[in-house]
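> need coordinates for the below:
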Amino acid sequence: MCSAREYILLGLLLTVIPLAAMLLSYLNTKFLLRKIMGLLLGTVPAYIADRYLFSRQNRNAINIISFISVLGITYVTYVLIVVLSIFNGFQGYIENMYTAFDADVRVMPARGKTMVESDSLFAVLKAMPEIEAVAATVQDKAMMSYFDKQYMVEVKGVKQDYLKVNRLDTLVYEGDFAFEGEDGRPQAVLGGSVAYFINARISDRLHPMKLWAVGDASDLVTNPEQAVRSKDIFTAGYFKVQMEYDTRYILADFAMVQDLFDLKGKVSTYDIALKDFDDAEGFAKALQAKLGPNYKVQTWFDMHDTLFKVMKNEKLVAYFILTLMLLIAAVNIIGGLSMIIVEKTRDIAILRSMGAQKKTIRRLFIVEGVFVGAIGGVAGMICAGIFTWMQTSFGVVCLNGGESFSDIQYFPIAAWWGDYALTSLTVFGISVLAGILPSIKAANTNIVVSLRK
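Got it, this is the predicted structure:
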């Protein structure tokens, strides 16, 4: 639950700060937009456009509509950037969560679950300059039993050199990362949820757990007694990453797991740590081409491709929904400019009679629409920057993440410059579109009829 302080901060972010940001945006943007209007329209039309926007109108409704337009664009821009930043925060959090357990790149057999342990392949990988470390793993499913509890687990066998690829020992929150006890008996590190379901205890050194593995179906028919293999094992500690792993994996000694599944001389994967984590995709493509069709090379992203695609699509949908809200806010820009045209019809006719071309009038009102959008857009970005800073520094919006995100208390958030650039282009484009219809109407003003009014 959020505290009273957090609700007060959130209230400030939603009320006082947007209004202050609008004022700051107006002061900072006005001078720049005047210069831009001067370049686009010329000095005199730019001055006229500025007066049309910011002078007090005879009809107060025009000023009110203009204020509502700016306020609407401010809030939607603010929300758009914050929502995109929250998606970025969750993506970064999930990446860190999965890469804490998975390797940067993984080499596995193209067919089947195992491949022959190859010193030559290991040497080729070690010799590649992009690779920091390589380690073999072996894994398969087994039934774990402890007293009257049974649970299906994925047993992952690793050697001590695996810690050069991934620091699995840092995931242990209770007990030790050790596959052999002081008494020499084999141990395993259990996922926290696995330990809960099986009711495992680190302190129990008298009653071992049993791992049961079954051979091929043909072995069950021809030699059922030897087809079923088992190993006694004790609990060394518990690790925690994410529910998908915590409810599924146990970590054990590489040789013991090979013996349990009768995989002597075979491995399941070669896990690779890269010197440059961001180069995983390019390196994986090059390595796949080098190793050929008998091997399959995956990056950490490929291992969770569906999850990241869903997150990307959700972010895209959120962008389009909030862009529709921007379009609705832009209707106020059209209304405000249309009312300015009605009030300034005579002035427009005078400009036309003095030689102003239609394209000058059109540009005048398009730039006015851009100016309204710019004030709201910059104010929204200022608000989003303040919110991002406060969320990362103090935590403003708390998160009840349940079991999947139980270790984070507040919404993760990360601002990307690309989101700011995309939002800027979106606001600019919508502002231009909002100014087109009123500008055409203004340019087509009948000079004679308007001057007679």
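> any weak-confidence spans in the protein?
Along the chain, the model assigns pLDDT under 70 to residues 1-63, 215-227, 400-407, 446-453.
> could you pull out the strands for it?
105-109, 115-116, 131-146, 149-158, 172-175, 187-191, 209-214, 228-239, 249-253, 266-267, 269-274, 295-299 (DSSP state E).
> pick the most deeply packed of the ones you listed.
strand 187-191 (a mean of 27; mean count of other CB atoms under 10 Å). C-beta coordinates here come from the backbone N, C-alpha and C atoms, glycine included.
> need the contact partners of it.
155, 168, 172, 175, 177-181, 198, 200, 209, 233-241, 245-252 (CB atoms under 8 Å, 6 or more residues apart in numbering).
> try stretch 143-151
Against stretch 143-151 from outside (CB under 8 Å, 6+ apart): 152-153, 194, 197-200, 207, 209-213, 250.
> go again using 10 Å as the cut-off
142, 152-153, 155, 188, 190, 193-201, 204, 207-214, 228, 230, 233, 235, 247-248, 250 (CB atoms under 10 Å, 6 or more residues apart in numbering).
> that one spans what distance, first to last residue?
6 Å (CA to CA, to the nearest Å).
> work out the gap between it and the centre of the chain.
Relative to its parent chain, stretch 143-151 has a centroid offset of 38 Å by CA atoms, centre = their mean, to the nearest Å.
> heads up, I number from 18, so please use that
Done: numbering now begins at 18, and the last item shifts to stretch 160-168.
> gap between the two ends of stretch 216-225?
First-to-last distance for stretch 216-225 - CA to CA - comes to 12 Å.
> list the buried residues of that stretch.
Within stretch 216-225, the residues that count as buried by 16 or more other CB atoms under 10 Å are 217, 219, 225.
> quick one: contacts for the last one?
By CB under 10 Å, 6+ apart, the contact set of residue 225 is 163, 202, 203, 204, 248, 249, 250, 251, 252.
> for residue 119, same thing?
Contacts of residue 119 by CB under 10 Å, 6+ apart are 182, 183, 258, 262, 288, 315, 316, 317, 318, 320, 321.
> any chance of the residues you listed in a markdown table, plus distance to residue 380?
As requested, those are arranged in a markdown table below (distance: CB to CB, whole Å):
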| residue | distance to residue 380 |
| --- | --- |
| 182 | 61 |
| 183 | 59 |
| 258 | 58 |
| 262 | 59 |
| 288 | 61 |
| 315 | 54 |
| 316 | 50 |
| 317 | 51 |
| 318 | 47 |
| 320 | 53 |
| 321 | 50 |
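> from residue 103, how far off is residue 401?
Going from residue 401 to residue 103 by CB to CB, to the nearest Å gives 11 Å.
> okay, the two: which has more neighbours?
Each of residue 401 and residue 103 has its neighbours counted (other CB atoms under 10 Å); residue 401 has more, 26 against 20.
> isn't the more buried one right up against residue 433?
No. Contact criterion CB atoms under 10 Å: residue 401 and residue 433 do not qualify, at 11.5 Å.
> who touches both of the two?
98, 101, 102.
> residues near the second one, how many?
Pointing back at residue 101 there. So residue 101, with other CB under 10 Å, has 25 neighbours.
> which residue is the nearest non-sequential neighbour of it?
Among residues not flanking residue 101 along the chain, residue 436 sits closest, at 4.3 Å (CB to CB, 6 or more residues apart in numbering).
> residues in contact with the nearest residue to residue 178 once chain neighbours are set aside?
Leaving aside its chain neighbours, residue 178 sits nearest to residue 152 (5.2 Å; criterion: CB to CB, 6+ apart). Shown in contact with residue 152 (CB under 10 Å, 6+ apart): 120, 139, 175-183, 271, 284, 286-290.
> so residue 152 bridges to which residues?
Beta-bridge partners recorded for residue 152 (DSSP bridges): residue 288.
> against residue 186, how distant is it?
14 Å.
> anything in contact with each of those two?
Common neighbours of residue 152 and residue 186, using CB under 10 Å, 6+ apart, are 177, 179, 180.
> pull the number of nearby residues for the last one.
Residues contacting residue 180 under the criterion other CB under 10 Å number 15.
> pretty sure it sits against residue 186.
Yes. Residue 180 lies in contact with residue 186 (CB under 10 Å); the separation is 6.0 Å.
> where do the contact lists of these two overlap?
Common neighbours of residue 180 and residue 186 (CB under 10 Å, 6+ apart) are residue 194.
> what about residue 457, neighbour count?
Residue 457: 14 neighbours (other CB under 10 Å).
> distance of the spatially closest residue to it that is not a sequence neighbour relative to residue 278?
Nearest residue to residue 457, sequence neighbours excluded (CB to CB, 6+ apart): residue 379, at 6.5 Å. Distance, residue 379 to residue 278, by CB to CB: 76 Å.
> which one of these two is surrounded by more residues?
The residue with more neighbours, out of residue 379 and residue 278, is residue 278; 25 against 19, by other CB under 10 Å.
> quick one, phi/psi of the more buried one?
Backbone geometry at residue 278, expressed as degrees, to the nearest 10, gives phi -100, psi 10.
> and the one 4 residues further on, by the same measure?
Phi and psi for residue 282, reported as degrees, to the nearest 10, are phi 80, psi 10.
> how far away is it from residue 355?
80 Å.
> ok, now residue 411?
Computed with CB to CB, the distance linking residue 411 and residue 355 is 44 Å.
> then residue 195?
76 Å.
> before we move on, back to that, residue 282 and residue 355: which is more packed in?
Neighbour totals were compared for residue 282 and residue 355, and residue 355 leads with 17 against 9 (other CB under 10 Å).
> nearest residue to the more buried one other than its sequence neighbours?
Closest residue to residue 355 apart from its sequence neighbours, by CB to CB, 6+ apart: residue 455 at 5.1 Å.
> isn't residue 193 up against residue 219?
Yes. Judged on CB under 10 Å, residue 193 makes contact with residue 219 at a distance of 8.6 Å.
> what residues do those two have in common as contacts?
Joint contacts of residue 193 and residue 219 (CB under 10 Å, 6+ apart) are 204, 253, 254.
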